[in-house]
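K.L.:
Sequence below, structure please.
(chains A and B)
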There are 2 protein chains.
Amino acid sequence: MNYFSQKVLSNITGLLMTLCFVTLSSDSLAKESQWQVLDPEELVVMTLPHGQVIIALAPQFSPKQVERFKALVRAKFYDGMAFNRVIDGFVAQAGPEGVSADFPLLTAPIALEPDWPISSSWDFTLVQAPDMFAPQTGFKDGYAIGVDSVAERAWLLHCPGVIGLGRNNEPDTASSHFYITIGQAPRYLDRIMSLFGRVVLGMEHVQAIQRTENQLGKLTQDTMFTHIHKMRMMSDLPEEEQQHIAIENTAHEAFVKKVNQRKHRQHPFFFKSPPPVIDACQVPLKTKLKL
Amino acid sequence: MNYFSQKVLSNITGLLMTLCFVTLSSDSLAKESQWQVLDPEELVVMTLPHGQVIIALAPQFSPKQVERFKALVRAKFYDGMAFNRVIDGFVAQAGPEGVSADFPLLTAPIALEPDWPISSSWDFTLVQAPDMFAPQTGFKDGYAIGVDSVAERAWLLHCPGVIGLGRNNEPDTASSHFYITIGQAPRYLDRIMSLFGRVVLGMEHVQAIQRTENQLGKLTQDTMFTHIHKMRMMSDLPEEEQQHIAIENTAHEAFVKKVNQRKHRQHPFFFKSPPPVIDACQVPLKTKLKL
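P.N.:
Numbering: from 1, shown residues only, chains lettered A, B, ... in the order given. Below is the predicted model of the structure:
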């Protein structure tokens, strides 16, 4: 349904005219919402001592990791667990390494899901080609992605706020350890980790998690770490506690227009035009509580 | 003195051999320290309610902005001031707009310093050419920079943790409002703002500053903002309170080697090689207290 978006972004000069044309000519697009309501069955509520974080899961891209993470959340595996590897500008990581005696099935290693197959006509919102790290970057279902149309693969980018399962050196060794990126996108990790979602609300609380190591040393006492109070599936909460979350529909023409405006700044503040390129990780993605 | 670094990085295959050669053949390089001790006269200590932040100033790149900022710090202008525009993933900003009646000279508008002139033989540590936003990126004096050898200009990059003066739409309108970047590098601001330093210690405390707006609304009460307790020049502190700060010497061969290792990952964790490119804003720059 957003097949036009690639054309719009590559056809820079004709943008506004094209959008007007599309708006006038396509009833289906005009009706499409600017917001995508998220399924509470794919939302995790992580309660930290200093605030609540809502994480969206992406089973369409990483089904095995999402299945595992949801099972761990439902087993209350992360309740009380510490963020024990928190490096400013890099990641906040939580969870024990290896197989847990209490949860052997839920902590056994699972296969990596570094990317997924696409067809050459696969539909996404293109924003940059090439990006420094990928042949193409863009958005799909509210996620910044990399795309290789020749190899027919796509993947989630390591932008700030994504969540992935940690692993050992061998690819298929992730179990229950997870990380959330908190600094400049470590894009060199793209396609060798299993990302499976992103923080859609409360990223400021993730940023406030106690760092466990810095240039001056490491924290060694668990009591000094930030602990997860509890983690729950949104759909498992009592109905009155459930929040209804919507994110920007990255397939909608309004989003395409926003990205293009970021690429070609017209505001008088930009007395000199920046290079006409987009870092997909630097596009703010809106979230709202749907009342 | 690090003229060799550009060659080393472009001569990827011969890296180790080249480094050995340089080490053996150049006494001056072997003696050069891996650490650069910072001048306390160019260090600012910002005390927040939750921790201390140390900011290094770069008068060699932005003399007017540094002169202004130091004068404001010495006037205790920022003591008690709120971070009143804090957007997660973007900037933490503090200070009043416009000219202050109490400090008319210190808050009058000053000229923009978006970049500086270089000669084509100017010496820096090249890391990427081209970068998505710049013909070349690299490091100079511990700062990530962009370089245009043809136009003979260089500039500081908007990496996380840099500090700049805010301004109105017109270029030469900065006065006393400053911002620190706290998210994915907003590189589209490169060369249209006046960056003049970076946080070298305590970035985690900057990350913990209270956000004043998010997807759900804005804070309106000053009492809810994070306030600067005090800001002092390091050199003005009593001697027993002064900290001696050293940063990684980005001209030293050890740094060049580190960057190159990040570009060509050899660790077994990287079972598949990432693209051989470097985001200059994603290179961790070490700081230590020099005892």
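K.L.:
residues contacting A:V200?
P.N.:
For A:V200, the contact set (CB atoms under 8 Å, 6 or more residues apart in numbering or on different chains) comprises A:L38, A:L43, A:I54, A:I55, A:A56, A:G142, A:I245, A:I247, A:L285, A:T287. The way it works is simple: take the backbone N, C-alpha and C, and place the C-beta from them, glycine included.
K.L.:
got CSV for those, with pLDDT too?
P.N.:
Formatted as CSV, these follow (pLDDT from 0 to 100):
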residue, pLDDT
A:L38, 97
A:L43, 98
A:I54, 98
A:I55, 98
A:A56, 98
A:G142, 98
A:I245, 96
A:I247, 96
A:L285, 96
A:T287, 95
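K.L.:
From the residues you listed, pick the one nearest chain B.
P.N.:
A:T287 (4.7 Å; CB to the nearest CB).
K.L.:
Around chain B, pick out the residues from the stretch 51-200 of chain A.
P.N.:
A:88-90, A:128, A:131-134, A:159-161, A:169-171, A:182-192 (CB under 8 Å from any CB of the partner chain).
K.L.:
If we use 10 Å, what do you get?
P.N.:
With CB under 10 Å from any CB of the partner chain as the criterion, the stretch 51-200 of chain A comes near chain B at residues A:86-90, A:112, A:114, A:128, A:130-134, A:158-161, A:167-171, A:181-193, A:199-200.
K.L.:
how about A:F77, secondary structure?
P.N.:
Under DSSP: H, G, I helix; E, B strand; the rest coil, A:F77 falls in the coil class.
K.L.:
Can you tell me how far A:P96 is from chain B?
P.N.:
A:P96 is 19 Å from chain B, where distance means CB to the nearest CB, to the nearest Å.
K.L.:
Hmm, I typed the wrong one, I wanted A:W122.
P.N.:
Taking CB to the nearest CB, one finds A:W122 at 21 Å from chain B.
K.L.:
and if you look at A:A75?
P.N.:
The gap separating A:A75 from chain B is 28 Å, by CB to the nearest CB.
K.L.:
Tell me the buried residues in stretch A:73-90?
P.N.:
For stretch A:73-90, a neighbour-count test (16 or more other CB atoms under 10 Å in any protein chain shown) marks A:73, A:75, A:77-78, A:81-90 as buried.
K.L.:
Make JSON lines out of these and add secondary structure and pLDDT.
P.N.:
Putting these into JSON lines (DSSP: H, G, I helix; E, B strand; the rest coil; pLDDT from 0 to 100) gives the following:
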{"residue": "A:V73", "secondary structure": "helix", "pLDDT": "98"}
{"residue": "A:A75", "secondary structure": "coil", "pLDDT": "97"}
{"residue": "A:F77", "secondary structure": "coil", "pLDDT": "96"}
{"residue": "A:Y78", "secondary structure": "coil", "pLDDT": "97"}
{"residue": "A:M81", "secondary structure": "coil", "pLDDT": "96"}
{"residue": "A:A82", "secondary structure": "strand", "pLDDT": "96"}
{"residue": "A:F83", "secondary structure": "strand", "pLDDT": "97"}
{"residue": "A:N84", "secondary structure": "strand", "pLDDT": "95"}
{"residue": "A:R85", "secondary structure": "strand", "pLDDT": "95"}
{"residue": "A:V86", "secondary structure": "strand", "pLDDT": "97"}
{"residue": "A:I87", "secondary structure": "strand", "pLDDT": "97"}
{"residue": "A:D88", "secondary structure": "coil", "pLDDT": "97"}
{"residue": "A:G89", "secondary structure": "coil", "pLDDT": "97"}
{"residue": "A:F90", "secondary structure": "coil", "pLDDT": "98"}
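K.L.:
OK, now which residue of the stretch 51-200 of chain A is nearest to chain B?
P.N.:
The stretch 51-200 of chain A approaches chain B most closely through A:Y188 (4.0 Å), counting by CB to the nearest CB.
K.L.:
Verify the contact between that residue and B:H267 for me.
P.N.:
No: using CB atoms under 10 Å, A:Y188 is not in contact with B:H267; the gap is 11.1 Å.
K.L.:
Show me which of these two is the more surrounded one.
P.N.:
A:Y188 (21 against 8; other CB atoms under 10 Å in any protein chain shown).
K.L.:
Need phi/psi at the more buried one.
P.N.:
Main-chain dihedrals, A:Y188, degrees, to the nearest 10: phi -70, psi -10.
K.L.:
Please name the residues that touch it.
P.N.:
The contact partners of A:Y188, by CB atoms under 10 Å, 6 or more residues apart in numbering or on different chains, come to A:133, A:158, B:262-263, B:265, B:270, B:273-279, B:282.
K.L.:
In TSV, list the residues you listed along with pLDDT.
P.N.:
As requested, the contacts of A:Y188 are arranged in TSV below (pLDDT from 0 to 100):
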residue	pLDDT
A:F133	98
A:H158	98
B:R262	97
B:K263	97
B:R265	96
B:F270	97
B:S273	96
B:P274	97
B:P275	97
B:P276	97
B:V277	98
B:I278	97
B:D279	98
B:Q282	98
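K.L.:
show me where the stretch 101-250 of chain A has helices.
P.N.:
Counting by DSSP state H, counting those that start in this stretch, one finds helices in the stretch 101-250 of chain A at the ranges A:203-207.
K.L.:
Could you export stretch A:141-154 as PDB, CA atoms only?
P.N.:
Coordinates of each C-alpha in stretch A:141-154 appear next as PDB, following Å, rounded to 0.1, in the frame of the first residue of the first chain:
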ATOM      1  CA  ASP A 141       6.000  -1.100  10.600                       C
ATOM      2  CA  GLY A 142       7.500   1.700  12.700                       C
ATOM      3  CA  TYR A 143      11.000   0.300  12.600                       C
ATOM      4  CA  ALA A 144      14.200   1.700  11.000                       C
ATOM      5  CA  ILE A 145      15.400  -1.100   8.700                       C
ATOM      6  CA  GLY A 146      18.300  -1.900   6.300                       C
ATOM      7  CA  VAL A 147      17.500  -3.500   3.000                       C
ATOM      8  CA  ASP A 148      19.600  -5.300   0.400                       C
ATOM      9  CA  SER A 149      17.300  -5.800  -2.600                       C
ATOM     10  CA  VAL A 150      19.900  -7.800  -4.500                       C
ATOM     11  CA  ALA A 151      20.500 -10.300  -1.700                       C
ATOM     12  CA  GLU A 152      16.700 -10.000  -0.900                       C
ATOM     13  CA  ARG A 153      17.200  -9.500   2.800                       C
ATOM     14  CA  ALA A 154      16.100  -6.900   5.300                       C
END
